[in-house]
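> quick one, what's the 3D model for this:
(one chain, ligands or ions: 1)
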Amino acid sequence: MPRRIRAGERLVIASHNPGKIAEIEKLLMPYGVIAIGAGALGLPEPEETETTFEGNAALKAHAAAAASGLPALADDSGLVVLALDGAPGIYSARWAGPKKDFRIAMKRVERELGDKDRKAHFVAVLALAWPDGEEALFRGEVHGVLTWPPRGERGFGYDPIFIADDYDQTFGEIDPDLKHRISHRARAFAKLVAACFGE
Ligand code: IMP
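Residues are numbered from 1 along each chain as shown. Below is the predicted model:
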């Protein structure tokens, strides 16, 4: 059983992405946990050198916990296409290139996939690390199929080509509140909250 983080305790969010930090802050609000962004503490952003979602999430969380002396939360996520041996996987952000253009990344998936099986899933791994080296990892997945051409402007990343099982619309088209309830991230967060937050 991992340790718990209780009301009034501080937690570093090991991310420099303001959107991500805001989303996590909102999630932690009911538990009274005080979220602090890594940028606000002047913590550097470590290079993601591991080969798994778990490895990269843990690497970021441990770096932030060691540098701040506080527990730290990090995430790593991406799109996994089985017929591409799991690509783009941990390289999901990198496939969009320096300009972060996901039209290029989605085109590359389409090109490499050809007429192979279109099954895919999103993965999110959350890592919580403490300064003494303890860690807890939580994985969430949402499974579905890929579709082209991309559809919908409401999401980000690979959302316009992903249709979750039991739905007809892409993640770029569905109501964002619905996506936030069924997503890989929502599932990982639910596990994290159950295991580590509150009394
Ligand atoms: P990270 O910030 O290193 O975890 O990068 C994750 C990358 O995976 C993002 O840049 C997106 O390309 C992709 N990704 C993760 N979650 C989603 C999602 O919910 N929708 C679309 N793309 C996602």
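
> low-scoring pLDDT stretches of the protein, where are they?
For the chain, the stretches flagged by pLDDT under 70 are 199.

> and the residue in it positioned nearest to the ligand, how many neighbours?
Closest approach between the chain and the ligand, counting by Cβ to the nearest ligand atom: residue 157, at 2.5 Å. Quick note: C-beta positions are derived from backbone N, CA and C, even for glycine. Applying other Cβ atoms under 10 Å, we find 21 residues neighbouring residue 157.

> now do the SS call for it.
coil (DSSP: H, G, I helix; E, B strand; the rest coil).

> can you start the count at 42 instead of 1 from here on
Taking 42 as the first residue, the last one we looked at is residue 198.

> my read: it touches residue 143, true?
Yes - using Cβ atoms under 8 Å, residue 198 is in contact with residue 143, at 5.5 Å.

> now the common contact residues for these two.
residue 137 (Cβ atoms under 8 Å, 6 or more residues apart in numbering).

> wasn't residue 173 part of a helix?
No - Residue 173 is assigned coil when assessed by three-state DSSP, not a helix.

> using CSV, list the CA coordinates for stretch 167-176.
Written as CSV, here are the backbone C-alpha positions of stretch 167-176 (Å, rounded to 0.1, in the frame of the first residue of the first chain):
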residue,chain,number,x,y,z
LEU,A,167,1.0,8.6,-13.2
ALA,A,168,4.0,8.3,-11.0
LEU,A,169,4.1,9.5,-7.4
ALA,A,170,7.5,9.7,-5.8
TRP,A,171,8.7,10.7,-2.3
PRO,A,172,12.1,12.2,-1.5
ASP,A,173,13.2,9.0,0.2
GLY,A,174,12.8,7.1,-3.1
GLU,A,175,9.4,5.4,-2.5
GLU,A,176,7.2,5.4,-5.6
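
> that one near the ligand anywhere?
No - using Cβ under 6 Å from any ligand atom, stretch 167-176 never reaches the ligand; the gap is at least 10.5 Å.

> next, the buried residues of that stretch.
Neighbour-count burial for stretch 167-176 flags 167-171, 176 (criterion: 16 or more other Cβ atoms under 10 Å).

> before we move on, what about stretch 93-103?
Buried residues in stretch 93-103 (16+ other Cβ under 10 Å): 94-103.
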